[in-house]
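Q: I would like to see how this sequence folds:
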Amino acid sequence: MSGHSKWANIKHRKASQDAKRGKIFTRLGKELSIAAKHGGGDLDSNFRLRTLVEKARAANMPLDNIDRAIKRGTGEIPGVSYEEQLYEGYGPEGIAILVECLTDNKNRMVADMRRMFSSHGGNLAEAGAVSWMFEKKGVIRATADMVSEDKLLEQLLDFEIDDIDVDEKLATITMNVRQLEVVKKALIDAQYQVESADVEWVAKNLVDLASEKEQKVIDFLEKIEDLDDVQNIYSNLA
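A: The predicted structure is shown next:
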């Protein structure tokens, strides 16, 4: 099946490094609070929160930290109020980029974003200028000792799978958002190690670049990733 975004796999591996440094705890804490704020603190009725709690536990985030983040979101304990922001723009080589942020200071965040884009030959765009190139999809990343696209395709025939891509032992499966939970369960039942299962912005069409230009874009995306309020970055880089 069609190839997946190289940046998506780099981002996945970078998240593992962030987990070792503890940086991921800060980002997960913000996401947990926002999910609890919008959907309540009940894991049974709040799918987004349940998914994030599983993600936090997998990253070895202390249970007390998880509990406090949820209670800050529901208002049971005081805490900083974060707002969700989606920034759209064009990076080096005209690559389309979406940046999801959780910030307590929108003015500072947009200034940081505008400076970051303009200083690297890109530009921050208006809302809707880039997002039309992407779709919200369920994305699962899973590993197994013996994993192949053909084997996964056969095992997941009963589901609405859009794309399967295997890079070494890491399989990236893209699907209709409604199928995320059931496909995740099917993979676990089939003895796959599910490393992430989330709703992501997936580019409708990917852009191939020569290796030197590709690295220029990846370097830029990694610099944005390091900004404190940035949660996720998506691009149409192949």
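Q: Lys213: what's it in contact with?
A: By CB atoms under 8 Å, 6 or more residues apart in numbering, the contact set of Lys213 is 92-93. Quick note: C-beta positions are derived from backbone N, CA and C, even for glycine.
Q: Looks to me like it is in a helix.
A: Yes: according to DSSP: H, G, I helix; E, B strand; the rest coil, Lys213 belongs to a helix.
Q: The worst-scoring helix or strand of the chain on mean pLDDT: what's the following helix or strand?
A: Using mean pLDDT, DSSP states H and E, helix 6-21 stands out as the lowest-scoring helix or strand of the chain, at a mean of 68. Remark: after helix 6-21, the chain's next helix or strand is helix 23-39, criterion DSSP states H and E.
Q: residues in contact with that following helix?
A: For helix 23-39, contacts defined as CB under 8 Å, 6+ apart pick out 15, 18, 45-49, 52-53, 55-56, 59, 61, 65-66, 68-75, 79, 82, 84, 102, 228, 231.
Q: Using neighbour counts, give me the buried entries of those.
A: 15, 18, 46, 48-49, 52-53, 55-56, 59, 61, 66, 68-73, 82, 102, 231 (16 or more other CB atoms under 10 Å).
Q: In helices only, show me those residues.
A: Mapping the buried ones among the contacts of helix 23-39 onto helices (DSSP state H) picks out 15, 18, 48-49, 52-53, 55-56, 66, 68-73.
Q: Closest one to Asp158 out of the residues you listed, please.
A: Of all these, Asp158 sits closest to Arg48, with 24.7 Å by CB to CB.
Q: Residue ranges of each domain in this protein, please.
A: 7-74, 83-132+205-235, 134-203 (automatic domain parsing).
Q: Quick one: end-to-end length of the first one, please.
A: With CA to CA, to the nearest Å as the measure, domain 7-74 spans 34 Å from end to end.
Q: Measure how the host helix or strand of Glu200 sits relative to helix 23-39, angle-wise.
A: Following DSSP H and E, one finds Glu200 within strand 193-203. Between strand 193-203 and helix 23-39, the angle comes out at 70 degrees (axes from the mean of the first three to the mean of the last three CA atoms, to 10 degrees).
Q: mean confidence for strand 193-203?
A: In this model, strand 193-203 has an average pLDDT of 92.
Q: Over to stretch 119-138?
A: Averaging pLDDT along stretch 119-138 gives 96.
Q: residues in contact with it?
A: Here stretch 119-138 makes contact (CB under 8 Å, 6+ apart) with 86-92, 96-98, 110, 113-114, 117-118, 162, 174-180, 183, 197-205, 220, 223, 234, 236.
Q: now, the most widely separated pair of the ones in helices among the buried ones among the contacts of helix 23-39?
A: Using CB to CB, these span at most 24.9 Å, a distance reached by Ala15 and Lys71.
Q: Flag the shaky bits of the chain, pLDDT-wise.
A: 1-4, 14-22 (pLDDT under 70).
Q: again, 80 this time
A: 1-23 (pLDDT under 80).
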